[in-house]
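Peer 1: All I have is the shape, not the residue letters:
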């Protein structure tokens, strides 16, 4: 007959029970200790109930019981806040305003189209080396457009799908138009018939 070890942990009713050989229980107990310490769960002695006992009855080696932990927080991630970076959106006697340029190009409501037109304005009209997330954020605010929640991820997705802009090789905070992005804005917008 082999001995069996049983562990019961109660983190405010998030209960975890393990039963099996001492080696098996010890292995998973060590893993849970690591997970608990990495999650910075603080508990008092009354919150944690560990019951370890050896029995002489035969138990299957890998008999493990685990109850689901209670979910306390939503799994939605909040987008990081992008600070707006000002640039000249108003234009002057020799430079068209961003609003007038958007009206001329009619990019529609798709975020990729809006971003590439704003990027074109910043790089080609204003003559900047590239554009940043903060400048895109500022343009959305100045144009009274609904800003997407995860702007950086949308830009990465658009870069991968349509190759209109890309991250600068040297400065990861800077974005550049690709040749196809330049052609899209200069030659293909506005779309014929709209």
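Peer 2: Received, thanks. All figures in this text were calculated on a predicted structure; none of them were measured in a lab. Residues are numbered from 1 along each chain as shown.

Peer 1: Low-confidence regions, the protein specifically.
Peer 2: Within the chain, the set of residues satisfying pLDDT under 70 comprises 1-2, 11-15, 32-75, 79, 193-194.

Peer 1: Let me see the contact set for residue 171.
Peer 2: Residue 171 is in contact with residue 130, counting by C-beta atoms under 8 Å, 6 or more residues apart in numbering. (Glycine included, C-beta is placed from N, CA and C.)

Peer 1: where does it land in three-state SS?
Peer 2: When the structure is split into helix, strand and coil by DSSP: H, G, I helix; E, B strand; the rest coil, residue 171 lands in coil.

Peer 1: Show the backbone phi and psi for it.
Peer 2: phi -120, psi 100 (degrees, to the nearest 10).

Peer 1: Please determine how far it is located from residue 138.
Peer 2: 18 Å (C-beta to C-beta, to the nearest Å).

Peer 1: just residue 123 next, same as before
Peer 2: To residue 138, residue 123 is 15 Å away according to C-beta to C-beta.

Peer 1: contacting residues for residue 29?
Peer 2: Contacts of residue 29 by C-beta under 8 Å, 6+ apart are 7, 18.

Peer 1: Now do the closest residue to residue 95 other than its chain neighbours: how many residues are near it, please.
Peer 2: Counting by C-beta to C-beta, 6 or more residues apart in numbering, residue 95 lies nearest to residue 125, which is 6.3 Å off, once chain neighbours are set aside. The number of residues packed near residue 125 is 15, by other C-beta atoms under 10 Å.

Peer 1: repeat for the one 3 residues further on
Peer 2: By other C-beta under 10 Å, 15 other residues sit near residue 128.

Peer 1: Just say helix, strand or coil for the residue nearest to it when sequence neighbours are not counted.
Peer 2: Closest residue to residue 128 in three dimensions, ignoring its sequence neighbours and counting by C-beta to C-beta, 6+ apart: residue 122, at 5.1 Å. When the structure is split into helix, strand and coil by three-state DSSP, residue 122 lands in helix.

Peer 1: Go ahead and confirm residue 122 touches residue 129.
Peer 2: No. With contact taken as C-beta atoms under 8 Å, residue 122 and residue 129 are classed as non-touching, separated by 9.5 Å.

Peer 1: Between the two, which has more neighbouring residues?
Peer 2: Relative neighbour count places residue 122 above the other of residue 122 and residue 129, with 25 against 10, counting by other C-beta under 10 Å.

Peer 1: tell me the contacts of the more buried one?
Peer 2: Residue 122 makes contact with 87, 128, 130-131, 135 under the criterion C-beta under 8 Å, 6+ apart.

Peer 1: ok, so of these, who is nearest residue 110?
Peer 2: Closest approach between the contacts of residue 122 and residue 110, by C-beta to C-beta: residue 131, at 17.7 Å.
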